[in-house]
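In: everything below, folded, please.
(chains A and B)
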Amino acid sequence: MKPLETRLARLARKGDQRAFAEIVDLYKDKLYHLAYRMTSNRQEAEDVVQETFLRVYKNLDRYDENQKFSTWIYRIATNLCIDRLRKRRAVYSLDAESTDHDGLDGYSMMPSDERTPETELILTETQKLIRDAIETLPVKYKSIMILRYLQDLSLQEISDVLDIPVTTVKTRVHRGREFLRKKLEHKL
Amino acid sequence: MKCNAAVASIHEYLDGDLTREEISRLQQHLQGCPACSSRLDTLEKTNALFQALPAEAPPSYLSDRIMKSLPKTRRPAAWTSWVRRHPAVSAAAIFMVVMLSSFVAMWNQDKELSVSGDLDHVIIEGNKVIVPAGQHVEGDLTVVNGIAEIDGEVEGDLTVIDGSYTLASTAHIAGEVKEIDRAVDWIWYKVSSWFGTLAYGT
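Out: Alright, predicted model coming up:
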């Protein structure tokens, strides 16, 4: 018997909206967590999750049932996040002072990221440290570290998601770890 | 074991890829090397803290927003996916369409009168092909894009394509009289005469 997601995908392909709603429920939290850690922005995380499901929906016919559904959906979401990070870097440098708005740099012009009471979480000082360290990771390490430690994917699964060799994934995990260690060494 | 080898080993260990033997060798090194030992310590702490980061929950309206953003029907993709799944049949269908349209194009172009058969015993006036009374046409007579006026005798079949014919009371046709007006019939005629040529060599 095929896994649950594969069966749901098959039903959704035939036009069953409830089956697709179940797929959304199964993955929305994981994808949001992934996208939020990647982009560090709630609005962008929401957009990435929505866009991911839209692409999944439109391409259900192309889903290869021999592949794990999670691999497929993670690939779409991760690529969307990476695209956004690259675009963001290309369009404006956040540190550059804007000429139109005196004294405002790119950071202060980004959509405000106020926490709403229902999602309010109290982060300890250590959690803030690690969150800030993750934010500074270069993109190619960031995606791999997030898939490895927040989504608990194996090295092989990460290799399938990002379509790069396992040995490369391994090297990047090692470098990502060292990067974080150096950032945190004297603060922990 | 040197420190740089130990660092590589530490990462393999964190990946869960070390054998029991390799682990004990690493342990030996760590006991005598406070630098590597504290490095492993920090790496383990970092990993643990990373994994313990609280999950951000998406806003409650997200599911609704997603479901509402979906296109209403998935139908338009149906035929393209069918094509993708049946490449051979699709190729054959496209081939047929191209063949058919070229047949039709040829049929439309070909507006000039043409006559085949025993031409010694017929008279051609404009787009009219006349078999005069008392004349005797040997074999079949085929008229394309013209009017056939038969007053005499035809030994074989009379075929009129995209035209008309009139038979006088004196006319006598030994074979069949066929009138073909439409492209489909014309194709059928072409195909069957082609098979006829294959079969009988005439």
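
In: neighbours of B:Ala88, how many?
Out: Neighbours of B:Ala88 under the rule other CB atoms under 10 Å in any protein chain shown: 7. For the C-beta atoms, the positions are set from N, CA and C on the backbone; glycine is no exception.

In: ok, now the one 10 residues further on?
Out: B:Val98 is flanked by 10 other residues according to other CB under 10 Å.

In: OK, contacts around A:Lys68?
Out: A:Lys68 is in contact with A:3, A:157, A:160, counting by CB atoms under 8 Å, 6 or more residues apart in numbering or on different chains.

In: centre of the chain to the helix or strand the second one falls within, how far?
Out: Translated: A:Glu157. Secondary structure assigned from DSSP states H and E places A:Glu157 in helix A:155-162. The chain centroid and the centroid of helix A:155-162 are separated by 14 Å under CA atoms, centre = their mean, to the nearest Å.

In: swap in stretch A:75-85?
Out: Worked out by CA atoms, centre = their mean, stretch A:75-85 lies 7 Å from the chain centre.

In: quick one: buried residues of it?
Out: By 16 or more other CB atoms under 10 Å in any protein chain shown, the buried positions in stretch A:75-85 come out as A:75-82, A:84-85.

In: any idea where the helices of chain A begin and end?
Out: With DSSP state H as the criterion, chain A has helices at A:4-13, A:17-39, A:42-58, A:69-91, A:106-109, A:125-135, A:139-149, A:155-162, A:166-184.

In: domain ranges for chain B?
Out: Annotated domains of chain B cover B:3-51, B:114-200 [automatic domain parsing].

In: from start to finish, how long is the longest one in a straight line?
Out: Terminal residues of domain B:114-200 are spaced 24 Å apart (CA to CA, to the nearest Å).

In: ok so, going back, quick one: list the elements packing against the helix holding A:Glu157.
Out: In terms of contacts (3 or more CB pairs under 8 Å, 6 or more residues apart in numbering or on different chains; DSSP states H and E), helix A:155-162 is packed against helix A:69-91, helix A:139-149, helix A:166-184.

In: redo the ones you listed as JSON lines? Include mean pLDDT and distance to chain B.
Out: Compiled in JSON lines, the helices and strands packed on helix A:155-162 are given as follows (pLDDT from 0 to 100; distance: least, CB to the nearest CB, whole Å):
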{"stretch": "helix A:69-91", "mean pLDDT": "89", "distance to chain B": "13"}
{"stretch": "helix A:139-149", "mean pLDDT": "93", "distance to chain B": "4"}
{"stretch": "helix A:166-184", "mean pLDDT": "94", "distance to chain B": "4"}
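
In: out of the ones you listed, which gets nearest to B:Ile123?
Out: With CB to CB as the measure, helix A:69-91 is the member of those nearest B:Ile123 (77.2 Å).

In: now do the closest one against helix A:139-149, angle only.
Out: 150 degrees (axes from the mean of the first three to the mean of the last three CA atoms, to 10 degrees).

In: helix A:42-58 and helix A:69-91, what's the angle between them?
Out: 130 degrees.

In: and helix A:69-91, what does it pack onto?
Out: Short answer (3+ CB pairs under 8 Å, 6+ apart): helix A:69-91 packs on helix A:4-13, helix A:17-39, helix A:42-58, helix A:139-149, helix A:155-162.

In: dump these into TSV; add mean neighbour count and distance to A:Lys128 as well.
Out: Below are these laid out as TSV (neighbours: other CB atoms under 10 Å in any protein chain shown; distance: least, CB to CB, whole Å):
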stretch	mean neighbour count	distance to A:Lys128
helix A:4-13	17	35
helix A:17-39	20	14
helix A:42-58	20	17
helix A:139-149	22	17
helix A:155-162	20	26
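
In: will you turn the ones you listed into TSV that also has distance to B:Asn127?
Out: As requested, the helices and strands packed on helix A:69-91 are arranged in TSV below (distance: least, CB to CB, whole Å):
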stretch	distance to B:Asn127
helix A:4-13	60
helix A:17-39	65
helix A:42-58	58
helix A:139-149	77
helix A:155-162	73
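
In: B:Cys36: which of those is closest?
Out: helix A:139-149 (22.0 Å).

In: picking that back up, out of the domains of chain B, which gets nearest to B:Trp79?
Out: Of all those, domain B:114-200 sits nearest to B:Trp79, with 25.2 Å by CB to CB.

In: run the chain-centre distance for that closest one.
Out: With CA atoms, centre = their mean, you get 39 Å for domain B:114-200.

In: just stretch A:169-188 next, same as before
Out: For stretch A:169-188, the distance to the chain centre is 19 Å (CA atoms, centre = their mean).

In: what about chain A, any weak spots by pLDDT?
Out: Residue ranges of chain A with pLDDT under 70: A:1, A:90-122.

In: how near is the closest residue to A:Gln127 other than its chain neighbours to A:Ile73?
Out: Once flanking residues are discounted, A:Gln127 sits nearest to B:Leu53: 6.3 Å by CB to CB, 6 or more residues apart in numbering or on different chains. Look at B:Leu53 and A:Ile73: by CB to CB, to the nearest Å, they are 21 Å apart.
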